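1. Pasting a predicted model and its sequence here:
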Amino acid sequence: AIPPGLEWAWDFGDGNTSTDAIPAHLYDQPGSYQVSLEVSSSDACKDSTVGIAEVNALPQAVINVADHCSGDEAPIENLSTVPGSSSVTYLWEMGDGTSRMTETPDYTYGSTGAYQVFLFVTDGNNCTDSVSSEIQVLSSPVTDFVVDDICQSEDLVLSSNSTVDAPSTITSTRWIISDGNELSGPQNSYVFNEPGTFEIQLIATTETQCADTTIQTFSVFPTPEVAFDLTSACALDEALLENSSTIRTDLFNDEILSWDWDLGDGNRDGRWSPSYAYQQEGFYPVTLRVTSDKGCTDSLTRELEIYRIPPAPTPITDTVCFSDRAILGMNLTDREPGEVVYWYDDPSATTSILQGPQFLTNTLAFRETYYAETISQNGCVSERVSVDAVVVEPQVAWITTSDSVLEVPSAILSLGVGGNLDGLDYEWDFGDG
């Protein structure tokens with residue numbers, strides 16, 4: 001208990017005093033202060049005492065925080081100072097019910113929102129200072145997209161499925177391709193001219209510059225290189241379609257799995273290098289489509305000319321007398337330049353005896369048959385037809401007279417003709433002019 005009737009005079013050594021029996025004083029600066037106390041009674045008795053007050057420096061709690069994106073570590077910086085003490089403890093209150101007792105919290109918030117962060121700093125003298133600051137955790141986007149393996153020269157369709165919590169919005173979408181190209185926008189497409197394995201990086205950014213990234217790897221399979229040669233032919237003869245298509249095998253061990261010919265006349269063929277007989281002359285668009293084991297396909301169209309078969313010539317026969325030569329001919333209808341008639345002495349002969357529309361035979365003793373065909377400049381051959389050289393058989397005749405004696409001037413001679421002379425005209429010469 002404090003005895004009554006006493007007066008108290010305190011001098012705290014920093015220019016401040018107090019008359020309280022038990023004063024409380026706050027020093028502005030650390031240091032050693034001489035504190036004096038003088039006590040006076042009502043009968044003028046006095047006493048005094050002097051003591052030293054050691055005032056330790058107070059820790060200075062200072063933090064630096066910044067708004068940041070969800071999913072990122074909170075940018076909290078401890079800038080506190082603790083003068084004159086080698087021992088210090090830190091207590092962080094993160095504002096979400098979580099605490100940390102480290103110099104820096106190294107903390108990632110689990111959800112967006114505003115949080116009040118507190119730091120309590122205590123030195124070895126049990127002196128404590130504290131500070132607080134609000135930190136904002138902003139919404140970050142979540143990137144997502146699907147990409148499938150494709151074939152070379154096909155469109156790679158890019159569609160972002162990225163999302164962000166309201167009220168934030170995605171304001172920028174970038175696609176970074178490992179071949180060095182970059183695209184923008186949530187929907188896009190891209191064509192790879194070379195096969196291989198590639199990466200695509202999707203970066204979505206909000207209006208507060210919060211971003212997220214997703215990387216996916218995919219393959220671009222090679223497309224077959226379609227090539228073929230065509231050999232023109234005559235109608236009804238077989239034209240050769242020679243397939244020389246290839247595909248790269250050094251990347252994914254690709255191989256050509258199927259091939260399909262569109263012959264241009266409504267028919268198709270699935271052989272590698274088919275031979276095909278076209279029924280009509282003309283120009284045919286021949287298309288070859290080749291497909292790999294990865295489903296990659298390509299096609300090529302080239303024009304094939306099918307030559308016409310010349311029409312068979314119409315024979316012109318000749319009838320001659322024994323030992324005469326016949327002139328045989330061929331009437332050419334619908335003839336085209338370069339078409340030539342070839343003559344043969346046998347229906348199966350392969351070597352001709354003459355070329356041209358007419359043929360002069362040797363002297364004939366009996367009926368002879370010859371053969372002719374028309375061959376175009378492309379080597380197309382018409383039907384081979386026969387033509388006859390007809391020889392008139394020799395005629396045998398004699399004259400008969402009567403047995404009577406003629407008396408001049410009114411003698412009448414009776415004559416007759418005998419032999420195989422059917423179908424002949426007669427002209428007589430009586431020998432007297």
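-> Thanks, I have it.
2. Now do stretch 27-43, average pLDDT.
-> Across stretch 27-43, pLDDT averages out at 92.
3. tell me which residues in that stretch are buried?
-> Within stretch 27-43, the residues that count as buried by 16 or more other Cβ atoms under 10 Å are Y33, L37, V39. Every residue, glycine included, has its C-beta placed from N, CA and C.
4. before we move on, what about stretch 332-347?
-> Those would be L332, R335, E339, V340, V341, Y342, W343, Y344, for stretch 332-347 by 16+ other Cβ under 10 Å.
5. what do you get for stretch 263-275?
-> Under 16+ other Cβ under 10 Å, the buried positions of stretch 263-275 are L263, G264, D265, D269, P274.
6. Restricted to strands, list these.
-> D269 (DSSP state E).
7. ok, the buried residues of stretch 263-275 vs D250, which is closest?
-> P274 (29.6 Å; Cβ to Cβ).
8. how far away is that closest one from G379?
-> For P274, the distance to G379 (Cβ to Cβ, to the nearest Å) stands at 21 Å.
9. hey, where'd the helices end up in the stretch 251-400 of the chain?
-> Ranges of helices in the stretch 251-400 of the chain, per DSSP state H, counting those that start in this stretch: none exist.
10. mind listing which of the buried residues of stretch 27-43 are in helices?
-> Among those, none falls in helices (DSSP state H).
11. how about these in JSON lines, adding distance to P59?
-> Compiled in JSON lines, these are given as follows (distance: Cβ to Cβ, whole Å):
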{"residue": "Y33", "distance to P59": "20"}
{"residue": "L37", "distance to P59": "30"}
{"residue": "V39", "distance to P59": "36"}
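12. Which ones among these map onto strands?
-> Reading strands off the buried residues of stretch 27-43 with DSSP E, I get Y33, L37, V39.
13. just for the stretch 301-433 of the chain, where's the confidence low?
-> 394-430 (pLDDT under 70).
14. do that again at 80, thanks
-> 332-333, 393-433 (pLDDT under 80).
15. One more: the stretch 51-200 of the chain?
-> Residues of the stretch 51-200 of the chain that meet the cut-off, pLDDT under 80, sit at 84-86.
16. What are the boundaries of the strands in it?
-> Counting by DSSP state E, counting those that start in this stretch, the stretch 51-200 of the chain has strands at residues 63-65, 68-69, 76-78, 88-93, 99-100, 113-123, 128-138, 150-151, 155-159, 170-177, 182-184, 187-191, 196-206.
17. Which one of these lies nearest to L304?
-> Of all those, strand 150-151 comes closest under Cβ to Cβ, at 27.9 Å.
18. where's stretch 129-147 relative to the chain centroid, distance-wise?
-> Mean-position distance between stretch 129-147 and its chain equals 40 Å (Cα atoms, centre = their mean, to the nearest Å).
19. Could you check it and say which residues are buried?
-> 129, 131, 133, 135, 137-143, 145, 147.
20. which among those residues gets closest to C296?
-> Once Cβ to Cβ is applied, the member of the buried residues of stretch 129-147 that ends up nearest C296 is V147, at 16.7 Å.
21. ok so, going back, and which of the buried residues of stretch 129-147 is nearest to N56?
-> Distances from N56 to the buried residues of stretch 129-147, taken by Cβ to Cβ, are shortest for D129, at 11.9 Å.
22. you'd agree that closest one is up against A61?
-> Yes - here D129 reaches A61: they are 4.1 Å apart, a contact under Cβ atoms under 8 Å.
23. Between these two, which contacts overlap?
-> With contacts defined as Cβ atoms under 8 Å, 6 or more residues apart in numbering, the residues shared by D129 and A61 are S80, F120, V121.
24. Report the contact partners of T374.
-> Contacts of T374 by Cβ under 8 Å, 6+ apart are 310-313, 330, 332, 335, 339-342, 381-382.
25. Tell me which of these fall in strands.
-> M330, V340, V341, Y342.
26. what's near enough to touch the second one?
-> Spelled out, it's V340. With Cβ under 8 Å, 6+ apart, V340 has these contacts: Q355, G356, T374, I375.
27. Buried subset of those residues, written for ChimeraX?
-> Remark: buried members of those, expressed as a ChimeraX selection using 16+ other Cβ under 10 Å:
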select :374,375
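28. and the contacts of V340 as a markdown table, adding distance to A239?
-> Output for the contacts of V340, formatted as a markdown table (distance: Cβ to Cβ, whole Å):
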| residue | distance to A239 |
| --- | --- |
| Q355 | 27 |
| G356 | 30 |
| T374 | 21 |
| I375 | 18 |
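29. which of the contacts of V340 lies closest to V88?
-> Distances from V88 to the contacts of V340, taken by Cβ to Cβ, are shortest for I375, at 113.0 Å.
30. Surely that closest one is in contact with R384?
-> No - if you go by Cβ under 8 Å, I375 and R384 don't touch, sitting 10.4 Å apart.
31. Who does A211 form a beta bridge with?
-> Per DSSP bridges, residues listed as beta-bridge partners of A211: T205.
32. From T297, how far out is the residue lying closest to P274 once chain neighbours are set aside?
-> Excluding the flanking residues, the one nearest P274 by Cβ to Cβ, 6 or more residues apart in numbering is L241, at 5.4 Å. As judged by Cβ to Cβ, L241 and T297 stand 18 Å apart.
33. Please identify which of those two sits among more neighbours.
-> Neighbour tally, L241 and T297, criterion other Cβ atoms under 10 Å: the higher count belongs to L241, 22 against 18.
34. who touches the helix or strand where the more buried one lies?
-> Assigned by DSSP states H and E, L241 belongs to strand 238-243. Residues from elsewhere that reach strand 238-243 (Cβ under 8 Å, 6+ apart): 227-233, 259, 261, 269, 272-278, 286, 288, 304, 306.
35. No further questions, thank you.
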